[in-house]
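Student: Sequence isn't available, so here's the structure alone:
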């Protein structure tokens, strides 16, 4: 059974940093691309970042480019999102999500974690 | 960037009603479109991919149609568990979601 568990959320001030983690189980983590998707309070879903199964390629939504970095440790079945220079508009629940296609990318998210809340406020 | 527009924003319906949610893309997607269901406080759940392919375990009252720039999610007979927010998502070029359609009890 696929299971994704995010951690690392919290309350930070503008300009500060935070690192999110997503621990995966129930599938061969090293064979699947992974995504981060966020949802601001009361708002819709926004794709944030993608990393290829082997970590070679990363893509970001324009609003976080240069501030966020997605990475993974396939030996630990763990996905990360390093968030720097945080802004109030980054306040959201952050979900990690598994891509449906192995050894490639489709951008369809077939399994999601429960989410972790990041609040950026002074 | 490809923009996704859903309509309506909110839909009020009775149990047993047939419900249609529309999703329009700013560029042609072929059939690279997915639908998700999200209930309050929960993660989204994948319902349909490639515009009309129902995911395993999803009830057959859900169906998807369309191609190009216009797509529809249909619930043939609304059930109590179906009251939720529904999102379309394109995966033709990077990944963007529609703003969501909230299905409420009438």
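Tutor: Good, I have the coordinates. This is a predicted model, so every value here is computed, not measured. Numbering: from 1, shown residues only, chains lettered A, B, ... in the order given.
Student: Now do the end-to-end distance for stretch A:38-52.
Tutor: 19 Å (Cα to Cα, to the nearest Å).
Student: so, in contact with chain B or not, that stretch?
Tutor: Yes. Stretch A:38-52 reaches chain B (Cβ under 8 Å from any Cβ of the partner chain) through A:44-47, A:50. In this view, the C-beta of every residue, glycine as well, is placed from N, C-alpha and C.
Student: ok, the longest strand seen in chain A: who's next to it in the sheet?
Tutor: Assignment by DSSP state E gives strand A:92-102 as the longest strand of chain A. Each strand paired with strand A:92-102, and its direction, by DSSP bridges: strand A:32-39 (antiparallel), strand A:109-112 (antiparallel), strand A:116-120 (antiparallel).
Student: Could I get the buried residue list for stretch B:62-71?
Tutor: Buried residues in stretch B:62-71, counted by 16 or more other Cβ atoms under 10 Å in any protein chain shown: B:62-64, B:66, B:69, B:71.
Student: Tell me who's in contact with the residue nearest the centre of chain A.
Tutor: The residue lying closest to the centre of chain A (Cα atoms, centre = their mean) is residue A:36, at 2.8 Å. Listed by Cβ atoms under 8 Å, 6 or more residues apart in numbering or on different chains, the contact partners of residue A:36 are A:20, A:22, A:47-50, A:70, A:79, A:81, A:94-97.
Student: can you check residue B:51 too?
Tutor: B:31-33, B:64-67, B:71.
Student: next one: residue B:19
Tutor: Counting by Cβ under 8 Å, 6+ apart, residue B:19 has contacts B:11, B:13, B:74-75, B:78, B:82, B:103.
Student: just the strands in chain B please.
Tutor: Under DSSP E, chain B gives strands at B:4-7, B:10-13, B:19-25, B:33-38, B:45-49, B:53-54, B:62-67, B:70-75, B:85-90, B:96-97, B:101-105.
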